[in-house]
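Colleague: okay, sequence plus prediction incoming.
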Amino acid sequence: GGEGGEGGESRPVWVESESFNIGKISVPLGVMGAMQKGVRYELHMPIPERVKNLMEDYEHLEKAPAATKDLIMRLARHQSKKQIAEWMAFIDANDGPALVESLLVNHYDPAYGRSHSKLSEKHRPRRVEIELKGG
């Protein structure tokens, strides 16, 4: 046997969970079907560690407050004016960690949870939860 499942071999493929559409790109139905049938591993990491990692991954946004504000404004249809104003204040104060934590707690995690709740109800994937420690 060889690559690609020849000879009946099977190898795991790790993918990040996504919706059918990622921006303007659609995940092929065959890929999405395989993702929905597979075991779902949920990794949980403490918020401070997630903030630290995201600050490193997106450090370029801290250097471009106008671009960051433009990105935040794309969330206006999903968030209250008060929430958007708070995020803008974090940008104005150059408080990236507070912005990232608030985005995680008030936008990303709730949206992700709703999306995966719907997926779980429909497909009932096998789940394995893994708690990651910070540090």
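Modeller: That came in fine, so what should we check first?
Colleague: now the helices for the protein?
Modeller: 29-37, 47-57, 59-62, 65-73, 81-92, 96-103, 109-123 (DSSP state H).
Colleague: buried deepest among those, which one?
Modeller: Comparing the helices of the chain by mean neighbour count (mean count of other CB atoms under 10 Å), helix 96-103 comes out on top with a mean of 19. Yep, even glycine has a C-beta here, placed from its N, CA and C like the rest.
Colleague: mean confidence for that one?
Modeller: Here helix 96-103 scores 97 as its mean pLDDT.
Colleague: got a list of what residue 100 touches?
Modeller: Residues in contact with residue 100 (CB atoms under 8 Å, 6 or more residues apart in numbering) are 50-51, 54-55, 58.
Colleague: for those residues, which one is nearest residue 91?
Modeller: For residue 91, the closest of these turns out to be residue 58, at 12.6 Å, with distances computed as CB to CB.
Colleague: from residue 52, how far out is the closest one?
Modeller: Summarising the geometry, the distance separating residue 58 from residue 52, computed by CB to CB, to the nearest Å, is 12 Å.
Colleague: likewise for residue 42?
Modeller: Computed as CB to CB, the residue 42 to residue 52 distance reads 20 Å.
Colleague: contact partners for the closest residue to residue 101 other than its chain neighbours?
Modeller: Of all residues beyond its chain neighbours, the one nearest residue 101 is residue 51 (5.1 Å), with distances taken as CB to CB, 6 or more residues apart in numbering. For residue 51, the contacting residues are 97, 100-101, 104, by CB under 8 Å, 6+ apart.
Colleague: ok, those vs residue 27, which is closest?
Modeller: Nearest to residue 27, judged by CB to CB, of the contacts of residue 51 is residue 104 at 23.6 Å.
Colleague: that closest one reaches residue 49, doesn't it?
Modeller: No - between residue 104 and residue 49 there is no contact under CB atoms under 8 Å: 11.2 Å.
Colleague: what's the distance between the closest residue to residue 71 other than its chain neighbours and residue 10?
Modeller: Excluding its sequence neighbours, the residue lying closest to residue 71 (CB to CB, 6+ apart) is residue 61, at 7.4 Å. As judged by CB to CB, residue 61 and residue 10 stand 40 Å apart.
Colleague: before I go, just wanted to say thanks for your time.
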